[in-house]
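Chemist: sequence-free structure coming up:
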């Protein structure tokens with residue numbers, strides 16, 4: 001699987017990474033997570049991304065592949081406590097969160113700690129960033145990053161204190177392609193794409209009941225990309241290849257609960273980057289149809 005250096009860091013990341021939210025929220029068994037993550041590493045993935053708030057995701061990851069720690073880059077996020085859904089941006093709370101994450105992940109350090117979508121106002125105040133920098137000084141993390149979208153994501157790149165940015169990039173979420181990624185590329189900030197296949201929201205014939213899928217479903221109905229009318233696997237391949245063809249994107253985080261999915265996803269990328277003409281058709285359709293309210297989805 002192709003690998004790209006994550007900005008100015010020394011991490012050479014697989015273009016496809018594992019997102020740990022589903023295994024936590026869907027309460028996947030330890031046995032299944034072991035097969036899932038073992039298969040991911042065996043398929044060539046070397047990025048594992050999670051967060052304290054993803055229920056038992058960190059614990060499951062630590063138990064499943066803690067003994068293979070040297071084989072992957074481990075990312076987590078802080079700011080939202082496990083199960084609470086409430087944000088707490090006090091520096092002491094952030095440091096406590098990171099310390100808990102290390103214990104849950106069964107490791108003495110992670111490769112990247114990210115602020116989990118805190119506001120622009122919190123970022124500008126600076127205390128939250130300083131807390132991550134203290135964690136780095138203590139050896140708890142090698143690098144610090146911001147996970148979020150919109151003006152806050154742009155500021156995270158502008159301020160010069162983050163090594164990476166995790167932000168939404170997909171066929172249904174292209175605000176950052178012009179707003180933030182060119183600057184990130186110029187400043188050599190590592191970019192991690194979240195929701196890279198737009199939650200595969202085109203699968204639903206009717207508007208899904210789950211709010212998580214609704215914005216992308218609505219956008220995709222309006223965008224009406226022709227490739228989404230074909231086979232599901234081909235549509236997913238085009239969507240994922242589009243995201244990984246956006247200049248400045250280094251890796252895309254995909255979550256799943258199905259152990260067999262990694263070989264399938266790796267196969268989707270075998271054709272390499274999306275052809276220039278196909279990429280530009282998707283961009284042109286976005287510029288034609290996208291409404292001003294179609295901002296990045298946190």
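Modeler: That came in fine, so what should we check first? Please read all numbers here as calculations on a predicted model, not as lab measurements.

Chemist: what about residue 137, neighbour count?
Modeler: By other C-beta atoms under 10 Å, the residues close to residue 137 number 9. The way it works is simple: take the backbone N, C-alpha and C, and place the C-beta from them, glycine included.

Chemist: I meant to write residue 251 there.
Modeler: 29.

Chemist: Ok, residue 104 next?
Modeler: As a burial measure, residue 104 scores 20 neighbours (other C-beta under 10 Å).

Chemist: That one and residue 242, how far apart?
Modeler: Counting by C-beta to C-beta, to the nearest Å, the gap from residue 104 to residue 242 is 34 Å.

Chemist: Centre of the chain to the helix-or-strand element of the chain with minimal mean pLDDT, how far?
Modeler: Lowest on mean pLDDT, DSSP states H and E among the helices and strands of the chain sits helix 261-268, with a mean of 77. Put simply, helix 261-268 sits 17 Å off its chain's centre (C-alpha atoms, centre = their mean, to the nearest Å).

Chemist: And stretch 102-122, by the same measure?
Modeler: Using C-alpha atoms, centre = their mean, the mean C-alpha position of stretch 102-122 is found 13 Å from that of the whole chain.

Chemist: got the contact list for residue 171?
Modeler: Counting by C-beta atoms under 8 Å, 6 or more residues apart in numbering, residue 171 touches 197-198, 220, 223, 225, 238-239, 242-243, 282, 286.

Chemist: go again using 7 Å as the cut-off
Modeler: Shown in contact with residue 171 (C-beta atoms under 7 Å, 6 or more residues apart in numbering): 198, 225, 239, 242, 282.

Chemist: So which of those residues are in helices?
Modeler: Of these, the ones assigned to helices by DSSP state H are 239, 242, 282.

Chemist: For the protein, which segments count as helices?
Modeler: Using DSSP H, the helices found in the chain span residues 21-25, 30-42, 57-65, 91-104, 120-125, 127-137, 150-158, 175-179, 181-186, 214-223, 232-245, 261-268, 276-289.

Chemist: Single out the most deeply packed of these.
Modeler: Of all the helices of the chain, helix 57-65 carries the top mean neighbour count, a mean of 23, counting by mean count of other C-beta atoms under 10 Å.

Chemist: Off-centre distance for that helix?
Modeler: That offset, for helix 57-65, works out to 18 Å (C-alpha atoms, centre = their mean).

Chemist: Average pLDDT for that helix, rounded please.
Modeler: Average pLDDT, helix 57-65: 95.

Chemist: do the same with stretch 4-19
Modeler: Averaged across stretch 4-19, pLDDT comes to 96.

Chemist: first to last residue in that stretch, what's the distance?
Modeler: Distance across stretch 4-19, first residue to last, is 18 Å (C-alpha to C-alpha, to the nearest Å).

Chemist: Can you tell me what sits against it?
Modeler: By C-beta under 7 Å, 6+ apart, stretch 4-19 touches 1-3, 37, 40, 44-49, 73, 111, 143, 163-164, 188-190, 244, 250-255, 265-266, 269.

Chemist: Nearest to residue 207, out of the helices of the chain?
Modeler: Residue 207 lies closest, by C-beta to C-beta, to one member of these: helix 214-223, at 5.8 Å.

Chemist: tell me the angle of the closest one relative to helix 276-289?
Modeler: Using axes from the mean of the first three to the mean of the last three C-alpha atoms, to 10 degrees, the inter-axis angle of helix 214-223 relative to helix 276-289 is 100 degrees.

Chemist: who touches residue 119 in this structure?
Modeler: With C-beta under 7 Å, 6+ apart, residue 119 has these contacts: residue 152.

Chemist: what about it, distance to residue 272?
Modeler: With C-beta to C-beta as the criterion, residue 119 and residue 272 are 38 Å apart.

Chemist: and if you look at residue 122?
Modeler: Counting by C-beta to C-beta, the gap from residue 122 to residue 272 is 39 Å.

Chemist: and what of residue 212?
Modeler: Residue 212 sits at a distance of 30 Å from residue 272 (criterion: C-beta to C-beta).

Chemist: cool, residue 148 as well?
Modeler: For residue 148, the distance to residue 272 equals 30 Å [C-beta to C-beta].

Chemist: So between the two, which is more surrounded?
Modeler: residue 148 (26 against 10).

Chemist: Not counting sequence-adjacent ones, nearest residue to that one?
Modeler: Leaving aside its sequence neighbours, residue 148 sits nearest to residue 117 (C-beta to C-beta, 6 or more residues apart in numbering; 4.2 Å).

Chemist: and if you look at residue 134?
Modeler: residue 95 (6.6 Å).
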